[in-house]
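> For reference, the sequence and a predicted model appear below.
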Amino acid sequence: MANASRGASNVPRERFDWEITANSDQSFENALEKARSGVRLTVEDGIELLTTGTDLQGIDRERKELVLEAADRRRREVVGEEVTFVANLNNNVTTACNTGCLFCNFKDRSDAFLADNDVDHAGFTKTPAESREIVAQAIETGIYEVTSVSGLHPAFALDDEHREILEASDRSDLNYKPPERYEKNPGTYCEQMAAMSVDDVHLHSMTPEEAYHARRGTPWSYKEVYSRLADAGLDTVPGTAAEILVDEVRNVICPGKIGTDEWVMAIEAAAAVGMPTTATIMYGHVENEAHRIHHLDVIRDLQDRIGSITEFVPLSFVHPNTPLYDRGMVDAGATRDEDELMIAVSRLYLDNIDHIQSSWVKYGDNHGLKMLSCGADDFMGTILSEEITKRAGGGFGEARSFAEYVEMVSAIGRIPVERSTDYQQRQRIDPDNPPFGPVLGPNADGTPLVER
Ligand SMILES: C[S@@+](CC[C@H](N)C(=O)[O-])C[C@H]1O[C@@H](n2cnc3c(N)ncnc32)[C@H](O)[C@@H]1O
Ligand SMILES: Nc1c(NC[C@H](O)[C@H](O)[C@H](O)CO)[nH]c(=O)[nH]c1=O
Ligand SMILES: N[C@@H](Cc1ccc(O)cc1)C(=O)O
Ligand code: SF4
C-alpha cells in the first residue's frame, strides 16, 4: 500500500506488558458491515474498527475514511444536522490534591497550601463565598450551567456531619486535615454546591472520584452522598475520573484513584437518585486500542442499565507538562487519525448514547469541527475559564463566544443550537439574525456572553 495512505498511531505498544492487547479474530470488513447495518458491535468488532484492521500495521487511511463515513451517517440518523453547545462556566474550586494521577498537572500537593508553609505554588482554593461571587457574575452574562470539578482537598468534607466523623477519627489513611490548618477554607462540598446554585443555575459537579472523597471514613453509600448533594443544589454529575475503565491501565496512570467497579457504582447511584450524568474516556497515553474498546463496553453496559448518560466525551490526553511524559512513559498524545477514529467508533459502539461531544479544549477549532463530521454532534460549551488542559500544556484557550460557535457551525453547513445540560431544552440560533447570546440560562436575554 502507498505510504500516503498510512496513518500513525502513538500507542506505546512495546513499553508495557499488558494482559489486554489489540488482537481479534474478526475481520475489518465484517466489523464495518455490522457497523453500517446498525448491528450491535462486539469488543472484537470495535478493535477492528479502531485499529482499521488488526491484519495491518498502523492506520490505513482508506479504511479509516470508511469508518468515519459510517459514523457520520449514524450521527445523522440519530440526531440529524443540529450541532449543540451549552452556555456554561467552569469554576474549579481548588487545585489541592494528593491523589497523584500521572496524567494530571492540574493538582498541587496540598501541603503547599498549609497556613504555616511559605512555599510558593501556583495553585488556588476558593471559599464558598468566592465561588458564589464568580458564579453570580457569570449568571449576569446569561450562562445556563456551572461545571465544577476540583482537586481532592484534604479539608473537604461532605457536610457538617461528615466533618465531625473525620475530626473524631484517628485514621491516617483518610487524607483529612482540618480547614483551620490551611490558608484558605474550601468549606464543605454541600456549602460549595449551595453557594454555586445562584438563581437556580444548573449545577454540574461531583465526579465519582469527588463523591468517593465526600464519603471517606463513613459507611454512607454513594446514593446517600449524591442525595445530600442534590438537596444542596447539585443537578447533574460529570462523568470524568473515568480515564480508562480497565484496572490494569488505572494501576499505571492513576493508582490512587477508585477502580472501575467503584466508578460504575457511583454513576449508578447518581442515576438512582434521579441525576443524569455524562461519561468520558481519557485516551491517547499508555493504553492500547483494546483498552479503549473495553472502556466503551463498560459504558454501553452501564447505559443499558441506567439510561441516564446524556453524552459521551472523548478527552484526548494533553501530554507536555505531565508526569507520564516527564518520566518517558509516553512520547506524545493521540495522533489526529486516532482522535478521529475514537470519535467515530464511540458513535458506532455506543448505540444507546445519543450525543457524542467534540471538545474544542482538546482538539482546537479546526480539528474539533472536523470531529462533527466523524460522528460527533455536540461542541461542548463556552466555559469562560479553563485550568486543567492549560496546566497540562494545551493551548486552545479558555472560552468560546456564541458568535464564534455560530460562525463555525454554519461554516460546515450545520445548524447551531443552544442546549441545556441534559439536552431537553434546545434553542436553534438563526445565523442571519445577530447578535447571538444565550437564552436558556436563568438570567439570559440573548446578550452576547463574551465579546471577542
Ligand atoms: C483534573 S480532574 C478534576 C476532578 C477530580 N479531581 C477527578 O479526578 O475526578 C478531571 C479530569 O480531567 C482530565 N484530565 C486531567 N489531566 C488531563 C490531561 N493531561 N489531558 C486530558 N485530560 C486530563 C481527567 O480525565 C480527569 O478525570
Ligand atoms: N465542560 C467541559 C470541559 N471543561 C474543560 C475542563 O476544564 C477540562 O479542561 C478538561 O476537559 C478535563 O479533561 N471540557 C470538555 O472537554 N467538555 C466539557 O463539557
Ligand atoms: N461534558 C462533560 C465533559 C467534561 C469534561 C471535563 C470536565 O472537567 C468537565 C466536563 C461533562 O460535563 O462531564
Ligand atoms: S485527576 Fe483529579 S484526582 Fe487525579 S491528581 Fe488530578 S485533580 Fe487529583
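Received, thanks. Ligands and ions are numbered 1, 2, ... in the order given.

> and the residue of the protein nearest ligand 3?
The nearest approach of the chain to ligand 3 comes at Pro238, 3.1 Å away (CB to the nearest ligand atom). The C-beta positions use only the backbone N, C-alpha and C, and glycine is treated the same way.

> tally of neighbours for that residue?
When neighbours are counted by other CB atoms under 10 Å, Pro238 registers 21.

> mind checking how far it is from Thr278?
6 Å (CB to CB, to the nearest Å).

> ok, now Arg347?
Arg347 sits 15 Å away from Thr278, going by CB to CB.

> Ser221 too?
For Ser221, the distance to Thr278 equals 22 Å [CB to CB].

> ok, the two, which is more surrounded?
A count of neighbours by other CB under 10 Å puts Thr278 above the other of Ser221 and Thr278, at 24 against 14.

> does that one sit in a helix, a strand or a coil?
Three-state call for Thr278 (DSSP: H, G, I helix; E, B strand; the rest coil): strand.

> Got the confidence number for it?
Looking at Thr278, its pLDDT stands at 98.

> That one: what's it in contact with?
By CB atoms under 8 Å, 6 or more residues apart in numbering, Thr278 lies in contact with Thr236, Val237, Pro238, Gly239, Ile309, Thr310, Glu311, Phe312, Val313, Gln357.

> Can I get those in a markdown table including secondary structure, distance to Thr188 and pLDDT?
Compiled in a markdown table, these are given as follows (DSSP: H, G, I helix; E, B strand; the rest coil; distance: CB to CB, whole Å; pLDDT from 0 to 100):
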| residue | secondary structure | distance to Thr188 | pLDDT |
| --- | --- | --- | --- |
| Thr236 | strand | 20 | 98 |
| Val237 | strand | 18 | 98 |
| Pro238 | coil | 19 | 98 |
| Gly239 | coil | 23 | 98 |
| Ile309 | strand | 28 | 99 |
| Thr310 | strand | 27 | 98 |
| Glu311 | strand | 29 | 98 |
| Phe312 | strand | 31 | 99 |
| Val313 | strand | 28 | 99 |
| Gln357 | strand | 31 | 99 |
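
> which two of the residues you listed lie the greatest distance from each other?
Using CB to CB, the pair of those lying farthest apart is Val237 and Gln357, separated by 15.4 Å.

> how many other residues sit next to Glu14?
By other CB under 10 Å, neighbour count at Glu14 equals 6.

> what's the spacing between the closest residue to Trp263 other than its chain neighbours and Thr95?
Closest residue to Trp263 apart from its sequence neighbours, by CB to CB, 6 or more residues apart in numbering: Pro208 at 4.7 Å. Separation of Pro208 from Thr95 (CB to CB) stands at 19 Å.

> quick one, which of these two is more surrounded?
Ranked by neighbour count (other CB under 10 Å), Pro208 and Thr95 place Pro208 first, with 27 against 24.

> how about that one, what does it touch?
With CB under 8 Å, 6+ apart, Pro208 has these contacts: Tyr222, Val237, Gly239, Ala241, Ala242, Ile258, Glu262, Trp263, Ala266, Ile267.

> Neighbour-wise, which one of these leads?
When neighbours are counted by other CB under 10 Å, Ile267 leads the contacts of Pro208 with 30 neighbours.

> Work out for me the element it sits within.
Assigned by DSSP states H and E, Ile267 falls within helix 260-272.

> roughly how far out does that helix sit from the chain middle?
Centroid separation for helix 260-272 versus its chain: 16 Å, with CA atoms, centre = their mean, to the nearest Å.

> export it as PDB, just CAs?
Output of helix 260-272 as PDB, limited to C-alpha atoms (Å, rounded to 0.1, in the frame of the first residue of the first chain):
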ATOM      1  CA  THR A 260     -13.600   0.600  37.500                       C
ATOM      2  CA  ASP A 261     -16.300  -1.000  39.600                       C
ATOM      3  CA  GLU A 262     -16.500   1.800  42.000                       C
ATOM      4  CA  TRP A 263     -16.700   4.400  39.300                       C
ATOM      5  CA  VAL A 264     -19.600   2.500  37.800                       C
ATOM      6  CA  MET A 265     -21.200   2.200  41.200                       C
ATOM      7  CA  ALA A 266     -21.000   6.000  41.800                       C
ATOM      8  CA  ILE A 267     -22.700   6.700  38.400                       C
ATOM      9  CA  GLU A 268     -25.400   4.100  39.100                       C
ATOM     10  CA  ALA A 269     -26.000   5.900  42.500                       C
ATOM     11  CA  ALA A 270     -26.400   9.300  40.800                       C
ATOM     12  CA  ALA A 271     -28.900   7.700  38.400                       C
ATOM     13  CA  ALA A 272     -30.700   6.100  41.300                       C
END
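
> and it, does that touch ligand 1?
No: figure legend: helix 260-272 not in contact with ligand 1 (CB under 6 Å from any ligand atom); closest approach 9.5 Å.

> now swap in stretch 376-393 and tell me
Yes: using CB under 6 Å from any ligand atom, stretch 376-393 reaches ligand 1 at Ile388, Ala392.
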